[in-house]
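# Take a look and give me a structure for this.
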Amino acid sequence: MTMLDDKRLDPRVRKAMSGMPAGDPAALLPQVILSSSYEDCLQWVAAMETLHNEQDSAMLAAMPDFSDVTTEKRTIVSDEGDEIDLFIERPKEAVGVLPCVVHIHGGGMAFTTAMAAGATRWRKTLVQQGLVVVAVEFRNSGGELGNHPFPAGLEDCATAIQWVNKNRSVLNISSLVVAGESGGGNLAVAVAIKANVEGWVDAIDGVYAMAPMILGFYTSVPNELLSWRENEGYQGTREIMRAMTRVYDPKDEHEKNPMAWPFHARQDVLKGLPPHIIINYEMDLIRDDGAVFARNLQAAGVAAISRTVTGAPHVAEIALPDLMPELVDDTVGSIVGFAIQLARS
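The predicted model follows:
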């Protein structure tokens with residue numbers, strides 16, 4: 001069965017995908033297998049990034065007018081001397097203190113950038129609802145930004161969040177929510193775990209993760225993750241997940257490291273984390289990863305909720321914003337409400 005054959009799929013998505021030109025663009029990507037070399041996996045990542053870049057033109061053409069959003073680029077430097085670009089966006093007519101979201105873009109921690117069309121539109125949509133959004137241009141584990149395996153990207157995100165926290169008064173923000181989708185969802189959760197382990201978790205008021213890619217694929221997945229069987233081949237495969245895992249962890253050193261793959265975090269590591277909201281998608285290969293992780297958070301005493309969007313593919317709010325506008329509105333409202341609720345006095 002393909003995703004288009006599955007009766008669970010939202011009919012609007014089926015109609016749009018059925019009307020696309022013949023031929024699957026993903027079929028043009030290099031083929032990877034479970035035993036593909038690190039170099040072959042890097043080639044797959046590079047080709048995937050090229051495909052995403054080609055699709056950016058269509059997303060840019062559909063971009064709404066965001067003339068009411070201002071953008072400031074700021075470059076900060078980590079303790080190790082690495083330069084990290086931040087894009088600080090706020091409503092042009094902003095008055096007073098506003099909640100803040102630090103946004104970490106998707107791409108399996110391996111490809112695309114903070115300036116990609118989908119990520120840019122998502123941030124600006126949030127800003128229009130009264131948030132300050134800070135985007136992090138972290139080091140990917142592959143692609144055009146260079147090959148920087150774990151923990152490079154995580155370290156960049158940690159540096160950015162600590163900078164935002166230290167500059168709350170300068171930025172005029174009332175809360176700091178770390179949000180990300182897919183690979184960015186991994187980094188959003190992982191940076192909170194890192195902060196918890198290192199003793200600076202008070203910098204983060206909440207975590208909002210959409211389809212977080214929190215389980216690396218090495219040889220198998222836990223039996224409880226039914227979506228890895230239900231949705232195999234719809235938008236992703238074990239071979240593709242293995243390729244991104246190998247690029248992130250080339251020497252297979254971090255399979256159970258909770259900062260690389262938060263799914264494996266023990267209760268003592270999770271205890272004390274800030275509130276989490278996790279969004280999953282019914283047609284997604286990694287749907288159940290986030291749902292099970294939310295239960296693990298709850299068992300550790302963390303305020304956490306998880307919900308699954310019926311009929312939706314992977315991060316539909318960003319991938320298909322004009323096709324499912326009510327989902328976009330619902331998720332944006334959820335993020336805004338979450339950030340407002342967590343505002344500090």
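# so where's the stretch 1-150 of the chain uncertain?
Across the stretch 1-150 of the chain, residues meeting the criterion (pLDDT under 70) sit at 20-27.
# can you give me the strands for it?
Under the criterion DSSP state E, counting those that start in this stretch, the stretch 1-150 of the chain contains strands at 69-77, 83-91, 98-104, 132-137.
# Including mean neighbour count and distance to L29, could these go into TSV?
Every C-beta, even on glycine, is put in place using the N, C-alpha and C of the backbone. Formatted as TSV, those follow (neighbours: other CB atoms under 10 Å; distance: least, CB to CB, whole Å):
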stretch	mean neighbour count	distance to L29
strand 69-77	13	32
strand 83-91	18	28
strand 98-104	27	24
strand 132-137	25	24
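# Of all those, which one comes closest to A303?
The closest of the strands of the stretch 1-150 of the chain to A303 is strand 98-104. By CB to CB, the value is 17.3 Å.
# For the closest one, C-alpha coordinates in CSV please.
Taking Å, rounded to 0.1, in the frame of the first residue of the first chain, the C-alpha atoms of strand 98-104 are listed here in CSV:
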residue,chain,number,x,y,z
LEU,A,98,6.1,39.6,24.1
PRO,A,99,6.5,35.8,24.4
CYS,A,100,9.4,34.3,22.5
VAL,A,101,9.9,31.1,20.5
VAL,A,102,13.3,29.9,19.6
HIS,A,103,12.7,28.0,16.4
ILE,A,104,14.9,25.1,15.2
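# So which elements touch that strand?
The contact analysis (3 or more CB pairs under 8 Å, 6 or more residues apart in numbering; DSSP states H and E) places strand 98-104 against helix 117-127, strand 132-137, helix 152-166, strand 173-181, helix 183-198, helix 325-341.
# How about the longest helix along the chain, which residues are buried there?
Ranked by number of residues, the top helix in the chain under DSSP state H is helix 38-61. Neighbour counts over helix 38-61 (16 or more other CB atoms under 10 Å) mark 38, 40-49, 52-53, 56, 59 as buried.
# and what of stretch 136-145?
Across stretch 136-145, burial judged by 16+ other CB under 10 Å covers 136-143, 145.
# Ok, which of the helices and strands packed on strand 98-104 comes nearest G290?
Among the helices and strands packed on strand 98-104, the nearest to G290 by CB to CB is helix 183-198 (7.6 Å).
# Tell me the buried residues in that closest one?
By 16+ other CB under 10 Å, the buried positions in helix 183-198 come out as 183-196.
# Just the C-alphas of stretch 229-247, formatted as PDB.
What follows is stretch 229-247, C-alpha atoms only, in PDB (Å, rounded to 0.1, in the frame of the first residue of the first chain):
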ATOM      1  CA  ARG A 229       5.200  -0.900  10.300                       C
ATOM      2  CA  GLU A 230       1.900   0.900   9.500                       C
ATOM      3  CA  ASN A 231       3.500   3.800   7.600                       C
ATOM      4  CA  GLU A 232       6.700   2.200   6.200                       C
ATOM      5  CA  GLY A 233       7.400   3.600   2.700                       C
ATOM      6  CA  TYR A 234       4.800   6.400   2.800                       C
ATOM      7  CA  GLN A 235       7.200   9.300   3.200                       C
ATOM      8  CA  GLY A 236      10.200   7.600   4.700                       C
ATOM      9  CA  THR A 237      11.800   4.200   5.000                       C
ATOM     10  CA  ARG A 238      14.100   2.400   7.500                       C
ATOM     11  CA  GLU A 239      16.800   2.800   4.900                       C
ATOM     12  CA  ILE A 240      16.300   6.600   4.700                       C
ATOM     13  CA  MET A 241      16.200   6.800   8.500                       C
ATOM     14  CA  ARG A 242      19.400   4.800   8.700                       C
ATOM     15  CA  ALA A 243      21.100   7.100   6.300                       C
ATOM     16  CA  MET A 244      20.300  10.200   8.400                       C
ATOM     17  CA  THR A 245      21.200   8.400  11.600                       C
ATOM     18  CA  ARG A 246      24.600   7.400  10.100                       C
ATOM     19  CA  VAL A 247      25.300  11.000   9.000                       C
END
